[in-house]
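Asker: Need a 3D model of the sequence below.
(chains A and B)
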There are 2 protein chains.
Amino acid sequence: MEIKFSDRANGLKASEIRELLKLTQRPEVISFAGGLPAPELFPIEQLKEVTTKVLDEQGAQSLQYSTTEGYLPLREIIVNERMAKNGVKTTVDNILVVSGSQQALEFSAKLFVNKGDVIICESPSYLGALNAFKAYEPEFVEIPMDDDGMEVDKLEEALKNNNNVKMIYTIPDFQNPSGKTMSIERRKRIAELAAEYKVPVIEDSPYGELIFEGKPYPCIKSFDKAGYVVTLGTFSKTFCPGLRLGWICAEEEILKKYVMIKQGADLQSNTFTQMIAARFMQEHNLDEHINKIIEVYRKRRDLMLESMEKYFPKEVTFTYPKGGLFTWVNLKEGIDAAEVNKEALKQNVAFVPGGSFYPNGGNKNHFRLNYSNMSEEKIVEGIKRLGEVLKKFY
Amino acid sequence: MEIKFSDRANGLKASEIRELLKLTQRPEVISFAGGLPAPELFPIEQLKEVTTKVLDEQGAQSLQYSTTEGYLPLREIIVNERMAKNGVKTTVDNILVVSGSQQALEFSAKLFVNKGDVIICESPSYLGALNAFKAYEPEFVEIPMDDDGMEVDKLEEALKNNNNVKMIYTIPDFQNPSGKTMSIERRKRIAELAAEYKVPVIEDSPYGELIFEGKPYPCIKSFDKAGYVVTLGTFSKTFCPGLRLGWICAEEEILKKYVMIKQGADLQSNTFTQMIAARFMQEHNLDEHINKIIEVYRKRRDLMLESMEKYFPKEVTFTYPKGGLFTWVNLKEGIDAAEVNKEALKQNVAFVPGGSFYPNGGNKNHFRLNYSNMSEEKIVEGIKRLGEVLKKFY
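Answerer: From the prediction side, this is the model:
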């Protein structure tokens, strides 16, 4: 067979992390590699109840085609509960339900980016987003981060120096992979810069509600007077990822285009799981459920960081995330985290080497650790083994 | 707001049919416009049973992230039951589960088509596919159809005359919108031409199992020795569209690329509804369920065609579909079916005017009628009213 793929498809590479995640599925592996929620917290009994009600009372509707925009009661819940909690006043006309926020990322590049256009992102940034964007053949400009997130002065410089920036991509809360959170001042400034340079900001906020300490920071969208900020939300981290439900919140003019893209891409999100999720949130309190998740994850974070202090070489530094799923580890220059991972896998411990989080390459001396998916016992044991491995490199 | 969209997004237009379908949601409208299955046939009680079992026995797994390729037992069922029934011997390594076959259509253009490349399709063709393809800025070459489907001599000519054909798109069974079925000889010939010209064939088969008379025709893929045929299947018409489950069957080299596209597009299909569908098909007989659908749809088709004979002006011709959901109506040149539809809507009857099914325009003197979604009574009443409207145009 001699088949011709499109240029964009020729550029696609199997994600390293995907291959790695296959390895980590063996039960003996202590995996800090994925970004999976703790499955023991899924509200299975309550879901059984509401699913039966949906099938009893709205059976035919729940199994039929429905609107591209999404199930209206679910969009109302997103407006009145999730977006309101994040400081954003909006309406259902600004909400499109998507099949997880990964879909919203792919749509964003499709909507805004021509071949060769510039996407500005944090350095490092979420590799799943970078891979989705790459299909539209952009250039990436990476903006460094400090403890307050993306450095906005450097963002402004990049906007000045590149006349074909079509999208600014940021994860302001407990960033993937760095675990860092953007300050309120910078959130305001980014909203201003977006309006000034007429460039959309894609604000990806999958972890914003998983806050272990301190008050929640308002979304960048809450400072958006001109309409250039698009906020992406998801129920994958606060409810159940297997139901594939996320959303896009954008000005109507922009949202209408996303709706047309969604129509072509897969007609609509799953009717059945949209109705189940809406019913769950009508009859149960999602905030209470989120509080349970937070308690468990906070303990796991604490235990992971304490164990890292105890077992890692003193020269190794890492972030202290105030929420979310990840901490980010910095090794001294010259150490390749992929090599460390190979050694760690021999001890049945896995993580994601940092290189893939930098769209323009380099920066191999970092790695990402996830603490949401392993038991407390496994976290201590895994970090201990990883400490032993790291000592060989120092 | 002065926001710049990508070129592909600037080219997107709201689908006419979508706007029309909104109008037809009023309960008093007799709608032959959509392509919706009959909701009264959804197996709600059986789904309640299997959903409870899935949540009881595999609850955490069904709500968690899972593999991009899809749930293995569902892929096995697709291989051993659906594809085998269509005459295709294949393996799970050739199957990717997608969120409805609309997603597979969008992926196909993403995978094969650069801007300006040629897509060959039937004239007319499924407008949802055409809209999905248009986002990748192709040229379309339309091949006329006779009673045996796409005219393969003209297909061969088109392949000879265009050196940048990247994809042949066909719906061989009970085509949407024409209701026509491709002969076995032509299926063989298309598989040969694909290999000769090294161009992939996207064989879209959503209705192939809804056969009212005669034997099933084997898939084009069953004649594919060289690996250039990609077959798209779906459970939307034989089971429940709200669960959003379809599949791609392709050679491994091609399927791997589709998997990477899926990974970027939305990570994976819905874990929960994949497991429910698999469990349903393990514990119940989908073929028996399909037979029930066939009986109901056959009656509705018969009634619609009989009523058309009786109430339509004699000059109006239409296809006699041997399965599927649609018949296709031909008016005399010069009558615009969109104008007829406006008049019909005043009598609370709706259909889809044919123009949108031709990617290069023209051909306004046709329209599509769906018979799967309305009761027998409404079919007779609707066609009667439509006959009255048509008489004004003749």
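Asker: Who are the packing partners of the helix or strand harbouring A:I77?
Answerer: Element membership for A:I77 (DSSP states H and E) is helix A:72-77. Contacts defined by 3 or more C-beta pairs under 8 Å, 6 or more residues apart in numbering or on different chains; DSSP states H and E place helix A:72-77 against strand A:95-98, helix A:271-283. (C-beta placed from N, C-alpha, C; glycine too.)
Asker: quick one: which of these is nearest A:A337?
Answerer: Ranking these by proximity to A:A337 (C-beta to C-beta) places strand A:95-98 first, at 32.3 Å.
Asker: Show the average pLDDT along stretch A:103-122.
Answerer: Stretch A:103-122 comes out with an average pLDDT of 98.
Asker: how far out from the middle of the chain is whatever helix or strand A:V54 lives in?
Answerer: Assigned by DSSP H and E, A:V54 falls within helix A:44-63. Here helix A:44-63 is found 29 Å from its chain centre; the criterion is C-alpha atoms, centre = their mean, to the nearest Å.
Asker: picking that back up, most tightly surrounded among the helices and strands packed on helix A:72-77?
Answerer: Comparing these by mean neighbour count (mean count of other C-beta atoms under 10 Å in any protein chain shown), strand A:95-98 ranks first with a mean of 27.
Asker: What strands flank it, and is each parallel or antiparallel?
Answerer: With DSSP bridges as the test, strand A:95-98 is paired with strand A:246-249 (antiparallel).
Asker: Give the rounded mean pLDDT of the strand it pairs with.
Answerer: On average, the pLDDT along strand A:246-249 is 98.
Asker: can you check stretch A:67-84 too?
Answerer: Summarised as a single mean, pLDDT over stretch A:67-84 is 97.
Asker: Give me the buried positions along it.
Answerer: Of all the residues in stretch A:67-84, those buried under the rule 16 or more other C-beta atoms under 10 Å in any protein chain shown are A:67-71, A:73-79, A:82-83.
Asker: again with stretch A:179-191
Answerer: Within stretch A:179-191, the residues that count as buried by 16+ other C-beta under 10 Å are A:179-183, A:186-191.
Asker: Next up, the contacts around A:S101.
Answerer: A:204, A:206, A:232-234, A:236, A:246-247 (C-beta atoms under 8 Å, 6 or more residues apart in numbering or on different chains).
Asker: how about a cut-off of 6 Å?
Answerer: Neighbour list for A:S101: A:206, A:232, A:234, A:246 [criterion: C-beta atoms under 6 Å, 6 or more residues apart in numbering or on different chains].
Asker: swap in A:H366?
Answerer: The contact partners of A:H366, taken as C-beta under 6 Å, 6+ apart, are A:330, A:337, A:354.
Asker: wait, which of those residues is closest to chain B?
Answerer: Top of the list for closeness to chain B, among these and by C-beta to the nearest C-beta, is A:G354 at 19.8 Å.
Asker: Just confirm the closest one contacts A:A337, I think it does.
Answerer: Yes. Contact criterion C-beta atoms under 6 Å: A:G354 and A:A337 qualify, at 5.5 Å.
Asker: list residues touching both of these two?
Answerer: A:366-367.
Asker: Now find how far off-centre the helix of greatest length in chain A is within its chain.
Answerer: Longest helix in chain A by number of residues (criterion: DSSP state H): helix A:286-311. In this view, helix A:286-311 has its centroid 18 Å away from the chain centroid, taken as C-alpha atoms, centre = their mean.
Asker: So which residues of the stretch 1-150 of chain A form helices?
Answerer: Counting by DSSP state H, counting those that start in this stretch, the stretch 1-150 of chain A has these helices, from start to end: A:7-10, A:16-23, A:44-63, A:72-77, A:84-85, A:101-112, A:127-134.
Asker: what does stretch A:126-136 rub up against?
Answerer: Against stretch A:126-136 from outside (C-beta under 6 Å, 6+ apart): A:8, A:15, A:102, A:105-106, A:109, A:113, A:119, A:176, A:356-357, A:359, B:264.
Asker: show me where the stretch 151-300 of chain A has strands.
Answerer: A:165-170, A:201-204, A:229-234, A:246-249 (DSSP state E, counting those that start in this stretch).
Asker: mind putting those in JSON lines, distance to B:S62 and mean neighbour count included?
Answerer: Below are the strands of the stretch 151-300 of chain A laid out as JSON lines (distance: least, C-beta to C-beta, whole Å; neighbours: other C-beta atoms under 10 Å in any protein chain shown):
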{"stretch": "strand A:165-170", "distance to B:S62": "32", "mean neighbour count": "25"}
{"stretch": "strand A:201-204", "distance to B:S62": "26", "mean neighbour count": "27"}
{"stretch": "strand A:229-234", "distance to B:S62": "18", "mean neighbour count": "27"}
{"stretch": "strand A:246-249", "distance to B:S62": "18", "mean neighbour count": "27"}
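Asker: who's in contact with A:E315?
Answerer: A:E315 neighbours (C-beta under 6 Å, 6+ apart): none.
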